[in-house]
Every structure is written in C-alpha cells, then in structure tokens.
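Asks: below is the sequence, then the predicted model.
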Amino acid sequence: MSEKLLEIKDLKVQYKSGDTPVCAVNGVNLTLEKGETLGLVGETGAGKTTTALAILRLLPERTGSIESGSITFDGKNLLEMPEEEMRTMIRGEKISMIFQDPMTSLNPVMTVGEQIAEVISYHSDSKEGEDFSVDKRVDEVLEMVGIPATRKDEYPHQFSGGMKQRVVIAMALSCQPELLIADEPTTALDVTIQAQVLSMMSDLRDKLGTAMIMITHDLGIVANVCDKVAIMYAGKIIESGTLEDIFVNENHHPYTVGLFGAIPNLKVETKRLSPIDGLMPDPSALPTGCYFHERCPHCMDICKKTYPDVYTEGSHSIACHLFSKNDPKEETNE
C-alpha cells in the first residue's frame, strides 16, 4: 500500500509589485506518495519554483505571501507550523532542496566538507544516542555522490560545475530526507554530465527511498526519472497523471500537445521545430476563462469566459473544455 507523503490543496501565492499583485501560483493541487518521483513541468514563469519555495516556506518575506491553501507533509500542515519547528525539524531534516545554480549555492570561503558538516551538525540532535560522527558522515555522503572523501578540505572553486552539483546533492541528502526537491538540477551542466548526475540521483533515490519533486522543462528528463507528471501553466496544473498517462495516452491538454510538438523527432526530417505561438500571460493581469486560450489552436467562446473543470479518467486529469464537451469516458462506455 502506498502512503501519501505530500498533499497540496488549492495553493495560491502572490508577489507584491507596487500596487498590483503578481499571481504566481493560482490554486495548485498536488499529491506525492512516499518514494515517488513527480516531474513538475512548464515554461519559465509557470510557477514551478514558487511552488517549491512555498512548500519550504522560503518565499521572500517582504514580497511573497501564501494567500490560501494547505500543504500537508506527513500528516502535518506546514503552513500552520511554527517557524522554529520548520527550521529545525523540516528544512534539511525532512525536506531538502537542490537549487538551480550550484555555482551560487556554495559558500566560496568555506571548504565543501565544512559546508556539508554544517548541515549535519545542525540536525545531529535527532541522532543522539547513536554511534554518530559528523566527520564520518561527511566522508560517507561525498563517497555516495562519487567524490573522494580526501577532497573534503578543498574549496568550491577547485571543483568543476558537475562536481559542484554533486556537492550540492550531497548536502541535500546528508540527513536522508523523506522528500527531495530538485529545481532544474542539471540546467548549467553539459549533456554528458547531466546524464551522470541524473543517473546518480535516481540510484540514490532508490537506495534511500527518498521521494522527489523534479522541476524541469525537459520532457526527456521526466521520461527517464519520474513516476508521475504535472504540467504547469500560469500558476495552475493543467494536466497530470502517471508517466504512461502523459507519454502514451491519446488525450492531452493542447498545451501538453504543444510541448511535445516542440521536441525534435529523429525519425522525421523537418526544417524547423513547431513552437507554441505567443507568450505566457502576465501574472499581474491574468485573462478571464482558460489562461491558455489566447495561444490555443482549439479555442472556443467558452474558453474565453470560464475556466474549465478538471476532467479525470483514472489517474489522468486534464483541465480543458475540449474534454468537458466530449467526455472520453462516455465513448469508452458505449
């Protein structure tokens, strides 16, 4: 039996920009089981990173705020938890995050060993009574990510980009969290190193039993790493399901179809890719109706006026009027 680890309900996040609120996340609903990997996919500005920061309550204090919703982790609502408990019991201990750029995630004046040890020492109270050594644990996590423990006294500038990313992953996994949030962890790496890092993360996930949220815009990464997928657009989940639902099922949101259409096909010769026309709407002035209607090739009058209900078939959910008009479930039952 699978166990629900994380559940996000109707999460809304806004940023303040002068007198106009910027609606970054607009009612996100997500669930993640223990040991599962969820791919959170979408264009830049879709709200993926904001959702991740909201889970850890790391939004900018003066400009970002969670307007409504709940984030339940292991049965506890993180939004109601005291800040002290979030800092000592959740961040790093239960939920860790790999941020986008390893070059700026590490302190240049501390050795990598000192930085990993700092994380372990901060949460070592929970390991009292065990035969536990911080130095030994530093050596273990470095070796675990493929870095010789003898390099722990070196500084970040002495490592390549791929090795720095391994150090960041070692820091995130040092306390064996139940949930790892990876925010485009391979963006700054070349293709060969990307493959090595992703393979390593998958192996560590399987070894430690850690659940993972993989934030990316690369559907190839999703296909190789994830169990479930959520497609995000303008702060909403517009399609979600298992890997098979998204990559094999015939029914898809037009935006998802556009994402797949922009992927090169090695079997078909073409002069250029098929991009999605237009741009994502301004989050400070969202359109009425479906947020995608201005770019959608199937736009109907109702799309401009009313946001669609979510059509669900098994584990597959799509928020689109195309499926509320022509319900595939009715066709299946005939």
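Replies: Cool, the structure landed.
Asks: any chance you could map the helices in the stretch 101-250 of the chain?
Replies: In the stretch 101-250 of the chain, the helices defined using DSSP state H, counting those that start in this stretch lie at 102-105, 112-122, 134-144, 161-173, 191-208, 219-225, 243-247.
Asks: comparing those helices, which comes out most buried?
Replies: helix 161-173 (a mean of 23; mean count of other C-beta atoms under 10 Å). For the C-beta atoms, the positions are set from N, CA and C on the backbone; glycine is no exception.
Asks: measure how that helix sits relative to helix 191-208, angle-wise.
Replies: 20 degrees (axes from the mean of the first three to the mean of the last three C-alpha atoms, to 10 degrees).
Asks: what about helix 161-173, distance to the chain center?
Replies: In terms of C-alpha atoms, centre = their mean, to the nearest Å, the centre of helix 161-173 is set 17 Å apart from its chain centre.
Asks: name the helices or strands packed onto it?
Replies: With contacts defined as 3 or more C-beta pairs under 8 Å, 6 or more residues apart in numbering; DSSP states H and E, helix 161-173 has these neighbours: strand 95-98, helix 102-105, helix 112-122, helix 134-144, helix 191-208.
Asks: for V310, which of these is the nearest?
Replies: Nearest of the helices and strands packed on helix 161-173 to V310, taken as C-beta to C-beta: strand 95-98 at 26.7 Å.
Asks: and K12, bridged to which residues?
Replies: For K12, the beta-bridge partners under DSSP bridges are N26, S68.
Asks: burial count for it?
Replies: Using other C-beta atoms under 10 Å, K12 has 17 neighbouring residues.
Asks: for T72, give me its contacts.
Replies: T72 makes contact with L6, E7, I8, K9, L78 under the criterion C-beta atoms under 8 Å, 6 or more residues apart in numbering.
Asks: of the residues you listed, just the buried ones, ChimeraX syntax please.
Replies: This is the ChimeraX syntax for the buried subset of the contacts of T72, where burial follows 16 or more other C-beta atoms under 10 Å:
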select :6,8,78
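Asks: any chance of the contacts of T72 in JSON lines, plus pLDDT?
Replies: Formatted as JSON lines, the contacts of T72 follow (pLDDT from 0 to 100):
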{"residue": "L6", "pLDDT": "97"}
{"residue": "E7", "pLDDT": "97"}
{"residue": "I8", "pLDDT": "97"}
{"residue": "K9", "pLDDT": "97"}
{"residue": "L78", "pLDDT": "96"}
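Asks: show me the two of the contacts of T72 that sit farthest apart.
Replies: K9 and L78 (12.0 Å).
Asks: what about stretch 295-314, distance to the chain center?
Replies: Worked out by C-alpha atoms, centre = their mean, stretch 295-314 lies 25 Å from the chain centre.
Asks: and stretch 298-317, by the same measure?
Replies: 24 Å.
Asks: what does stretch 192-209 give?
Replies: For stretch 192-209, the separation from the chain centroid amounts to 16 Å (computed by C-alpha atoms, centre = their mean).
Asks: and for that stretch, what's in contact with it?
Replies: Outside stretch 192-209, the residues within contact range by C-beta under 8 Å, 6+ apart are 34-35, 37, 144-146, 161-162, 165-166, 169, 173, 176, 180, 182, 185-186, 189, 210, 212, 221, 224-225.
Asks: 6 Å - rerun?
Replies: Contacts of stretch 192-209 from elsewhere in the structure, counted by C-beta atoms under 6 Å, 6 or more residues apart in numbering, are G35, G162, Q165, Q176, T186, M212, V225.
Asks: spatially central residue for this structure, please.
Replies: Centroid check for the chain by C-alpha atoms, centre = their mean gives I215 as the closest residue, at 3.2 Å.
Asks: check contacts around that one.
Replies: I215 neighbours (C-beta under 6 Å, 6+ apart): L40, K48, D183, E184.
Asks: tell me how far it lies from T51.
Replies: Applying C-beta to C-beta, to the nearest Å, the value for I215 to T51 is 8 Å.
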